[in-house]
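In: Sequence and predicted model, in that order:
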Amino acid sequence: MQPFLKIMKKTTHKKSNRREAFSSNELAVRLLRKKISRIRRSFFVLAIATFSLTLTSFNKFESYSAFSAGPIFVDAVPELTPENVYAQLEKFEIRHPEIVLRQSILETGWYECENCSLEHNNIFGFRYKKKYMEFSNWVEAVKYYKKWQEKRYKGGDYYAFLKEVGYATSRTYISKLKSIKLDFL
């Protein structure tokens, strides 16, 4: 009977040692690691399920790849031409786009000026504290014009509005705008 008691004592002793060997912090860390591995596995399963659903949603007879589709441009900036400026003015629903287009042409010398607002992508010559405002591209200047116009213009003769708001600082500004001929309109 004595050998049996020795075996029992050893096994109980090992179990108690095993429990005592881990502190409460170590036990918490082990449990946390188990939870994290379960979460990782569930995310992996979710990702595989999403990927397989995506593959089945495509037409079986077409193959898609990033290379065959070509580059993707979110907001590609077109070349700076009167036609493209007019298209952007219409896209952003700017009122009196013909007059506004003439403003951009006059301010930038048909988009060819040097040492003017154009070097800051500011095709309308907007200033703040006596300096030209800077835009990341000319389309951003069109977007700004839209905000500027919505804030100030309430309707009526647009040429008179430009004088009232102080945009037309020169006496000949309005006559210069009217003299610009646009072939494509």
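Out: Sure, I can see it.
In: neighbours of the residue nearest to Gln103 when sequence neighbours are not counted, just the number please.
Out: Excluding the flanking residues, the one nearest Gln103 by C-beta to C-beta, 6 or more residues apart in numbering is Phe124, at 5.9 Å. (Each C-beta comes from the backbone N, C-alpha and C, glycine too.) Using other C-beta atoms under 10 Å, Phe124 has 21 other residues around it.
In: can you check the one 4 residues further on too?
Out: A count of nearby residues for Tyr128, using other C-beta under 10 Å, gives 8.
In: Against Ile94, how distant is it?
Out: The gap separating Tyr128 from Ile94 is 20 Å, by C-beta to C-beta, to the nearest Å.
In: okay but the residue nearest to Gln103 is in contact with Ile105, surely?
Out: No - using C-beta atoms under 8 Å, Phe124 is not in contact with Ile105; the gap is 10.4 Å.
In: Overlap in contacts, these two.
Out: By C-beta atoms under 8 Å, 6 or more residues apart in numbering, Phe124 and Ile105 have no common neighbours.
In: for this protein, what are the low-confidence residue spans?
Out: Applying pLDDT under 70 to the chain picks out residues 1-24, 27, 41-75.
In: how's it carved up into domains?
Out: The chain breaks down into these domains under automatic domain parsing: 2-69, 82-179.
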